[in-house]
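Visitor: Sequence and computational prediction follow.
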Amino acid sequence: MKRKLKGNIMLLITAFIWGTAFVAQSEGMNYVGPFTYSAVRTLLGGIVLIPVIFFFKRNKPDREEVIERKIFLKETFKGGIVCGIILFFASSLQQIGISMTTAGKSGFISAVYIILVPVAEFFFFRKKNIFVWICAVIAFAGLYLLCVKEDFSINRGDAIVLLSALWFTAHIMVIDHFNSKNADGMIMSCVQFFTAAVFMTIAMFIFEQPNIENIFEARYTILYAGIMSSGVAFTLQILGQRYADPASASLIMCLESVFAVLSGWLILKEVMAPKEIAGCVFVFVAAVLAQLKDINKKSGKTECG
């Protein structure tokens, strides 16, 4: 129970940081392009983790630990590279989408992965749960209210953020896969940041014209997103998912949408139309309901992790 509580706290902190980071990401778009912002923040996230890893791994391991570490090091680096490639697409698409829509709206659309994760589990692990499909229909109705205008057009930014949710779903599933192979969470997180940063930097020079002065102007938003959202939150996600299955973990992390809306309202003074608020309610209710049956089922069994 203590391990599960520890994991839930990690994931809750992750949700809070991610939610508030939507404000920083939105503000950062006033100074630099999405690839530039993503490249710098992700590289910063990897750099921040290096001293943390050395601090926690400073004790000299015994012979048995060295052998065990070598066995899992291959899976750790493999997981970091795969996660980094997925993170490149997920983060880049999200950042591009945020530049075209509001922080609060982006937070709710991004949280659609809470529906996509159990659906992905259904296909990959053949879990038969019709309740998930009912929740998916509710979420789809919410997305319609949130994103589709009266002329049946969808905001381009909304569509791009929704596409990023697909990649974040893959990210959650891949993390679960490599956690099951006992990959080192902190090292895997560090490797994923440097992997993603390489692709983001290439995209930055291809599609944008990075300017040091503009990057400096966005320094506060980049520092928060880089250190907290990337370095801290993504690492806590990997460590927290060790104590929960993907669906249960996504339930807690979906609270980022709530924190995103509250942050956008408090800091950016964003206002949402009644139709959009109703859509948010639909998505959030579906997100919670999608997990309740699974959680109730697990409550009578031994805890995971």
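Guide: That came in fine, so what should we check first? Residues are numbered from 1 along each chain as shown.
Visitor: Spit out the contact partners of the residue nearest to residue 93 when sequence neighbours are not counted.
Guide: Leaving aside its chain neighbours, residue 93 sits nearest to residue 164 (3.7 Å; criterion: C-beta to C-beta, 6 or more residues apart in numbering). Glycine gets a C-beta too; all of them are placed from N, C-alpha and C. Contacts for residue 164 (C-beta atoms under 8 Å, 6 or more residues apart in numbering) come out as 89-94, 97, 110.
Visitor: how about a cut-off of 6 Å?
Guide: Residue 164 makes contact with 90, 93-94, according to C-beta atoms under 6 Å, 6 or more residues apart in numbering.
Visitor: On the three-state scheme, it is what?
Guide: Put simply, residue 164 is helix when judged by DSSP: H, G, I helix; E, B strand; the rest coil.
Visitor: count of neighbours near residue 5?
Guide: Residue 5 has 11 neighbouring residues, counting by other C-beta atoms under 10 Å.
Visitor: any idea how far it lies from residue 11?
Guide: With the distance defined as C-beta to C-beta, to the nearest Å, residue 5 ends up 11 Å from residue 11.
Visitor: likewise residue 180?
Guide: Distance of residue 180 to residue 11, computed by C-beta to C-beta: 17 Å.
Visitor: Report the residue spans of the stretch 101-250 of the chain with pLDDT below the cut-off.
Guide: 103-104, 125-129, 132, 147-153, 247 (pLDDT under 70).
Visitor: now the helices for it?
Guide: Taking DSSP state H, counting those that start in this stretch as the test, the helices found in the stretch 101-250 of the chain are 103-110, 113-125, 130-147, 156-179, 185-207, 212-217, 219-223, 235-240, 246-253.
Visitor: Just the angle for the first one relative to helix 130-147, thanks.
Guide: In this case it means helix 103-110. For helix 103-110 against helix 130-147, the angle by axes from the mean of the first three to the mean of the last three C-alpha atoms, to 10 degrees is 150 degrees.
Visitor: For helix 103-110, name the packing helices and strands.
Guide: In terms of contacts (3 or more C-beta pairs under 6 Å, 6 or more residues apart in numbering; DSSP states H and E), helix 103-110 is packed against helix 2-28, helix 156-179, helix 256-266.
Visitor: Please work out which residues outside it touch it.
Guide: By C-beta under 6 Å, 6+ apart, helix 103-110 touches 19, 22-23, 26, 98, 158, 161-162, 165, 256-257, 260-261, 264, 268, 270, 280, 283.
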